[in-house]
Every structure is written in C-alpha cells, then in structure tokens.
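**Student:** Here is a sequence together with a model predicted from it:
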Amino acid sequence: MIRELVLLVERLNLSGTQNIMGNQFPEMLALLSIVFGGSFLLFAWKHHAYFLGVTGFLVGGWAGLMLKSHLQPAGGGVTPMLYLATCAVGGAFIATCWRRFVGILLGGFTVAILGSVIFPSYFRPGDHTLSAISMAFLLGGGLGAIFPKFFFVFNSSLIGAVFVTCIFLPLLLFGVMYQLTTSQHEPIADDGPVRAPVRA
C-alpha cells in the first residue's frame, strides 16, 4: 500500500519531496494517511460541512476531467484546468448546500458496493449488470434520502479505515459508533437557505 502511494506521488511529479524528506518519504506518506484517515474517523460528522465540501471538491474535479476527456478527447479547445476548477467548485457547492442529495448518492454508492461484494455474479459484465447497479442505486438512494446522516457517517468511517488500513474492520466499526454516539442530538441540517420565522 505504501509503495503504491509513493509511486502515485512520483507519477504526479511530486517526487522532488523525496529530496527534502530523504529516505523517510514512505513513512511520512504513511503518517499523513493515518492523520487524514483518523480525522475522518473522529471528526467527519462534527465538521461535516467542511468534509462534505472537500469531498465534493475532489469528486467534482475528477468529474470535470472525465467530462473534458469525453467532450474533447483529442485535446485543444477549453483548457482542462477550466473543467477541473469549474466542476470542483460546483461539486463543493452541491455537497455543502444539498446534503440530502449527497445522502442519496452515498446511499446508492454504498448499497452498490456492498452488493458487488456480497453478490459478485450479478455485478460482472453482462446483460443483467446495468439492472443490478440500477436496482442497487434505487434501493440505496431511497435509504440515503431517509437516513442521510448514517450513510455520511458510514462512508466517512469507511474512508478513514481505508486510509489507516492497519486494522480495517475494527476501525470502521469504531468510526461509525463513535460518530453516531457523539452526534446523537445533531440531526443533519435542512437543505437550502434558512428562512426567517413569520411574525403575526
């Protein structure tokens, strides 16, 4: 895992940091992964607006690059940075303003991932794959609309456990239980702007 992360950083032309950190570069990368994963495990719900914004920013930027490669695969035209920046800012805005919609997406994603693990034969390429993914997203999206907080806590704990990696399942369970316990009386905020109360 650490070696793969190091190779990823090298491919992104950030390998010059090895000169600064010397031979400790893999260990520094591992430490950053633990800190990042730990922050998701412990503080994702307490500061969910920030974490939702960062997640929406990253996902939006990734979607922008995919859109660029789909619309202009040969290059030229609009610079990729414009796609990246526009979609990243849009993703952060959507994630922080329409949290129930994000809950629907997270619910669909979670059920689709769990379905592909539990019933892998239905999610292999074939005639029924699209139907299986669609049903998983419909089921998960409905659950995500009803329980957006749970799916946000579950997915943030999943991200944190993946980054820390050393004891995946106990960390995942700890993150879910810790966040749900410490935020017991903190429901997810309503979507859209808050309206002033009407006076009689």
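**Tutor:** Sure, I can see it.
**Student:** After the longest helix along the chain, which helix or strand is next?
**Tutor:** Scanning the chain for the longest helix, with DSSP state H as the assignment, gives helix 48-71. Per DSSP states H and E, helix 48-71 leads on to helix 80-97 as the next helix or strand towards the C-terminus.
**Student:** And the contacts of that following helix?
**Tutor:** 49, 52-61, 63-65, 67-68, 101-102, 191-192 (CB atoms under 8 Å, 6 or more residues apart in numbering). No exception for glycine: its C-beta is placed from N, CA and C like everyone else's.
**Student:** lowest-confidence helix or strand of the protein?
**Tutor:** helix 17-21 (a mean of 47; mean pLDDT, DSSP states H and E).
**Student:** Of the contacts of helix 80-97, grab the buried ones for PyMOL.
**Tutor:** Selection of buried members from these for PyMOL, criterion 16 or more other CB atoms under 10 Å:
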select buried, resi 52+53+55+56+57+59+60+61+63+64+68+101+102
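**Student:** one step back: now the longest helix of the chain, how far from the centre of its chain.
**Tutor:** 10 Å (CA atoms, centre = their mean, to the nearest Å).
**Student:** Could you do stretch 172-185 as well?
**Tutor:** From the chain centre to the centre of stretch 172-185 is a distance of 18 Å (CA atoms, centre = their mean).
**Student:** Name the residues of it that come out as buried.
**Tutor:** Going by neighbour count (16+ other CB under 10 Å), the buried part of stretch 172-185 is 172, 174-176, 178-179, 183.
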